[in-house]
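Undergrad: from the sequence below, what's the structure:
(one chain, ligands or ions: 1)
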Amino acid sequence: MSPMPPSEKTTTTIETCDAVIVGAGFAGLYMLHRLRGLGLSARVYEQGGDVGGTWYWNRYPGARCDVESMQYSYSFSEELQQEWEWSERYAPQPEILKYANHVADRFDLRRDIQLNTRVAAARFDDAENRWSVTTADGKQVSATYFILATGCLSNARIPDLPGLSDFKGKTYHTGHWPHKPVDFTGLRVGVIGTGSSAIQSIPVIAEQAKHLFVFQRTPNFSIPARNAPLTPELTREWKSDYAARRQYARAESRNGILTVIPQKGALEDNDIARRQEYEAGWTRGGISFMAAYNNLLVDKPANDTAADFVRTKIAEIVTDPEVAKLLQPHNHPIGSKRICVDTNYYQTFNRPNVTLVDIRNAPIDTVLPNGLRTGSKDYELDAIVFGTGFDAMTGSVAKIDITGQNEITLNEKWAEGPRTYLGLMSAGFPNMFVITGPGSPSVLSNMIVSIEQHVDWISDCLAHMRARDADRIEATKDAEDKWVIHVNEVAHGTLYPQANSWYMGANIPGKPQIFMPYIGGVAVYRRICDDVAAKGYEGFALSATRQATSVAAE
Ligand code: NAP
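TA: You can find the predicted model right below:
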């Protein structure tokens, strides 16, 4: 064994297993299920107090998924997808959390999940071909495989505002919400941020608060969700044809969502036809608004037509023209930041108890003991809600001190931006897999579709290795370099890099600005991954480091 870092010297308990999985969200749960199916032993470490990942933490008022319930769910078990009943078109957070718990119980997953346990470090021992994983409470586990199911939006971020520690009221982050209901009745509340989380929570908080101040730096495009109870007829229709619909979403779509794939560009229609098309999308509601035409995210003049439509809608909904103007986004193409989906977001600014504060022109100077001071004014507040987002895609991985071959840490290797082959592995870190990591479609897709694809690919890969007595897989540097170039090229063929988005790491001061997810689409990406596997895991080096009769035998 290589020497342990000083912080690990006091560890005493050493367990062994085939795989350590970090995180018990949707990725970790399914990964555990598949590894068990292969006869491998696995331990899952989860820092939260229960399973559910993102849905365990994001309990803010109004939290719900922006992918429709019938599609934002596992497809790996026909029984599961037939028996589970969703209540609404877009499931609210408590229902998705209940579903995650149901899955954990139904597949008897809990006995291998250790909750309230943060993985602090992981170190690869080249000679032993094993990962030594250390939890924050000092426990050490030795495993052949180390699998990061840490989620892409798990590292909630509160900006470093001067005076924050002196604030006398309560502070919250949407991504780290308390487990007991928060009552804003009679309070003056400030929400900082106008991303997806804030846009969902603002209308709900406004109904409770005495006064709500929304501190907006960058306005966002938001489409009405048109949420509604799911009718038994619609549910039946989906379930009668579930397998085929799932297959289409995973193998034919761009984003893992069943939508009609547009055949023409926005400028091929005249003004009237285009307006009708957008109007239909606005009335239907949801993120499929961006599927009106096939060139909205690659052609700026085409994109402008959709952006203009939404800006006009904002002006129609919001009664005060000055407020409407402030809410109209102009600094990024529509869809180049994750498009938001709301219920009564713009309407909320017509309420007498809601004030929109522009912090683009007058930024927050300081937090006062009883409020916030922006360049021009003081605002008295009893509570501040940070809807300020996450250190996305790499943030939760970076919090683990991961050391690979030649004593190089993952944070050192990714200092200029994440580098992976297929978003699945990073060269120099053998037997370490990332589920929905940077370099894969992940956050640009229906996450559960992408999670299932990665977990299935990893499981098939491990089965392939076992059949050949291999116990080590690593991405080659050459394959990784080519993939990083490809991911970058594809991104720069679109309008996405024109926005200062978290996709680019632009929301974190000092973070390298690189477009992190793979934008080629889930169907294309799946074919690439399948092709790599069919060619004997091309671009990966597989080897046997010991006289193994089975990878499972420890
Ligand atoms: P976000 O999209 O990163 O939005 C953060 C907001 O906070 C932005 O408006 C940002 O302004 C503002 N902000 C950040 N730092 C600030 C500062 N120092 N001062 C003032 N304003 C600041 O975060 P999010 O809303 O939590 O959403 C993150 C992602 O989570 C979404 O894009 C989506 O993928 C996912 N999500 C999904 C759902 C859903 O399924 N319905 C719901 C919530 C979240 P700037 O734009 O100027 O930086």
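Undergrad: all strands for the stretch 151-300 of the chain, in order.
TA: Listed in chain order, the strands of the stretch 151-300 of the chain (DSSP state E, counting those that start in this stretch) span 170-173, 188-192, 211-216, 222-224.
Undergrad: which stretch among those comes nearest A292?
TA: A292 lies closest, by CB to CB, to one member of the strands of the stretch 151-300 of the chain: strand 222-224, at 10.9 Å. C-betas here are computed from N, CA, C, even on glycine.
Undergrad: gap between N294 and R254?
TA: As defined by CB to CB, to the nearest Å, N294 lies at a distance of 10 Å from R254.
Undergrad: contacting residues around E46?
TA: By CB atoms under 8 Å, 6 or more residues apart in numbering, the contact list for E46 reads G23, A24, G28, I113, Q114, L115, N116, T117.
Undergrad: can you list which of the residues you listed are found in strands?
TA: When the contacts of E46 are checked against strands (DSSP state E), the matches are I113, Q114.
Undergrad: residue numbers of the chain in contact with the ligand?
TA: Applying CB under 6 Å from any ligand atom, we find that the chain lies next to the ligand at 64-66, 153, 159, 174-175, 192-198, 200, 217-218, 338, 341, 359, 387-390, 443, 502, 507.
Undergrad: show me which of these are buried.
TA: 64-66, 153, 174-175, 192-198, 200, 218, 338, 341, 359, 387-390, 443, 502, 507 (16 or more other CB atoms under 10 Å).
Undergrad: before we move on, the earlier item: between the contacts of E46, which sits nearest the ligand?
TA: For those, the closest approach to the ligand (CB to the nearest ligand atom) belongs to G23, at 16.4 Å.
Undergrad: apart from its chain neighbours, what residue comes closest to the closest one?
TA: A149 (3.9 Å; CB to CB, 6 or more residues apart in numbering).
Undergrad: tell me which residue in the stretch 1-150 of the chain sits closest to the ligand.
TA: Residue nearest to the ligand within the stretch 1-150 of the chain: D66 (3.5 Å; CB to the nearest ligand atom).
Undergrad: pLDDT below threshold where in the stretch 1-150 of the chain?
TA: 1-13 (pLDDT under 70).
Undergrad: mind redoing it with 50?
TA: Across the stretch 1-150 of the chain, the ranges flagged by pLDDT under 50 are 1-9, 11.
Undergrad: look up how far G53 lies from the residue in the stretch 151-300 of the chain positioned nearest to the ligand.
TA: Nearest to the ligand in the stretch 151-300 of the chain, going by CB to the nearest ligand atom, is G195, at a distance of 2.2 Å. Using CB to CB, G195 is found at 19 Å from G53.
Undergrad: tell me how the protein divides into domains.
TA: Using automatic domain parsing, the domain parsing of the chain gives 15-155+392-550, 164-386.
Undergrad: so can I have CSV of the strands of the stretch 151-300 of the chain showing mean pLDDT?
TA: Shown next, in CSV, are the strands of the stretch 151-300 of the chain (pLDDT from 0 to 100):
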stretch, mean pLDDT
strand 170-173, 98
strand 188-192, 98
strand 211-216, 98
strand 222-224, 98
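Undergrad: okay if I get those strands as TSV plus distance to R106?
TA: Shown next, in TSV, are the strands of the stretch 151-300 of the chain (distance: least, CB to CB, whole Å):
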stretch	distance to R106
strand 170-173	31
strand 188-192	37
strand 211-216	40
strand 222-224	34
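Undergrad: follow-up on the earlier one: my guess is the residue nearest to G23 contacts V22, does it?
TA: Yes: between A149 and V22 a contact is recorded at 6.1 Å, counting by CB atoms under 8 Å.
Undergrad: who touches both of those two?
TA: Taking CB under 8 Å, 6+ apart as the criterion, A149 and V22 both touch G28, V44.
Undergrad: am I right that S69 falls within a strand?
TA: No: judged by DSSP: H, G, I helix; E, B strand; the rest coil, S69 forms no part of a strand; its state is coil.
Undergrad: coming back round to it: identify the contacts common to N294 and R254.
TA: Taking CB under 8 Å, 6+ apart as the criterion, N294 and R254 both touch I261.
Undergrad: if I look at the nearest residue to T388 once chain neighbours are set aside, how far off is Q216?
TA: Distances taken as CB to CB, 6+ apart place G193 nearest to T388, at 4.7 Å, with adjacent residues excluded. According to CB to CB, G193 and Q216 sit 8 Å apart.
Undergrad: just the buried residues of the contacts of E46.
TA: G23, A24, G28, I113, Q114, T117.
Undergrad: return the backbone torsion pair for the last one.
TA: To tie it back to what came earlier, the one meant is T117. Phi and psi for T117, reported as degrees, to the nearest 10, are phi -130, psi 120.
Undergrad: and it, how far from G138?
TA: Per CB to CB, T117 is found 11 Å from G138.
Undergrad: next one: the second one
TA: A24 sits 20 Å away from G138 when distances are taken as CB to CB.
Undergrad: repeat for the fifth one
TA: According to CB to CB, Q114 stands 13 Å off from G138.
Undergrad: equivalent analysis for the fourth one, please.
TA: I113 is 19 Å from G138, where distance means CB to CB.
Undergrad: tell me, how many neighbours does S240 end up with?
TA: Other residues lying near S240 total 10 when counted by other CB atoms under 10 Å.
Undergrad: OK, contacts around the closest residue to Y99 other than its chain neighbours?
TA: The shortest distance from Y99 to any non-neighbouring residue, by CB to CB, 6+ apart, is to W84 (6.4 Å). Counting by CB under 8 Å, 6+ apart, W84 touches S73, Y99, H102.
Undergrad: nice, that's everything, thank you.
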